[in-house]
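Colleague: mind looking at a prediction? Sequence and model below.
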Amino acid sequence: MIKKKKIPQAEIPTSSMADIAFLLLLFFLVATVIDVDTGIGMTLPEYVPPAEQELVEISRDRMAAVLINENGDVLLDGNPISVGLIKNTLKPRITSKISLPNNKKLIVSLKTDRKTNYNIYIQALDQIKLAFFEVRDEYSNATHGKKFNDLTPEQQDESKEKVPIIISIAEPELVKK
């Protein structure tokens, strides 16, 4: 019988393959930038148990109620309004409360439906904050001759006291169908 010669097969050396895979993994972990959503910058009130909460009556002229339904329709004090007009509607009301004592400032209540589009909610919240910021800038300009950001910390504190940002974010209601 004739013996056949075995033809050597071409092989890829795999002894360092694990090292290469580990180095690639390490490279991508170090080189990848992870985008972290910071969320909405808000100062939340301290938790007070329901038994210790006290109800305070607030007059209607101190309240501005912004309601947003699931269709994106916005109501300001019961009147339909577009999101872009919230700022211009709130500014005169905030300005009229500047000369009143600190506990008589305007409170803006923002309430949504559970199915409200998040983008519309954020736009409305931005418009409300922008109204307060612009009134604060106007007050700072009138009293100190500078915009709010250019004031000293003491002057900023005084402007914050005269034009406080008071926004009440109400719990969305569950709509049953």
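Modeller: Okay, I see it.
Colleague: so what's the residue positioned nearest the centre of the chain up against?
Modeller: Centroid-nearest residue in the chain: residue 40, 2.9 Å away (criterion: Cα atoms, centre = their mean). Going by Cβ atoms under 8 Å, 6 or more residues apart in numbering, residue 40 touches 122, 125. The way it works is simple: take the backbone N, C-alpha and C, and place the C-beta from them, glycine included.
Colleague: which one is residue 140 nearest to, not counting chain neighbours?
Modeller: Distances taken as Cβ to Cβ, 6 or more residues apart in numbering put residue 148 closest to residue 140, at 4.4 Å, once the chain neighbours are dropped.
Colleague: isn't that neighbour right up against residue 137?
Modeller: Yes: counting by Cβ atoms under 8 Å, residue 148 touches residue 137, with 5.0 Å between them.
Colleague: more neighbours: these two, which one.
Modeller: Ranked by neighbour count (other Cβ atoms under 10 Å), residue 148 and residue 137 place residue 148 first, with 20 against 17.
Colleague: got the contact list for that one?
Modeller: Here residue 148 is in contact with 133, 136-137, 140, 156, 159 (criterion: Cβ under 8 Å, 6+ apart).
Colleague: give me the subset of the residues you listed lying in helices.
Modeller: Counting by DSSP state H, the contacts of residue 148 place 133, 136-137, 140, 156, 159 in helices.
Colleague: using CSV, lay out these together with pLDDT and distance to residue 169.
Modeller: Converted to CSV, these look like this (pLDDT from 0 to 100; distance: Cβ to Cβ, whole Å):
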residue, pLDDT, distance to residue 169
133, 93, 17
136, 91, 20
137, 92, 23
140, 91, 26
156, 89, 24
159, 88, 23
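Colleague: scan those residues and report the most crowded one.
Modeller: Neighbour max across the ones in helices among the contacts of residue 148 (other Cβ under 10 Å) = residue 140, 23 neighbours.
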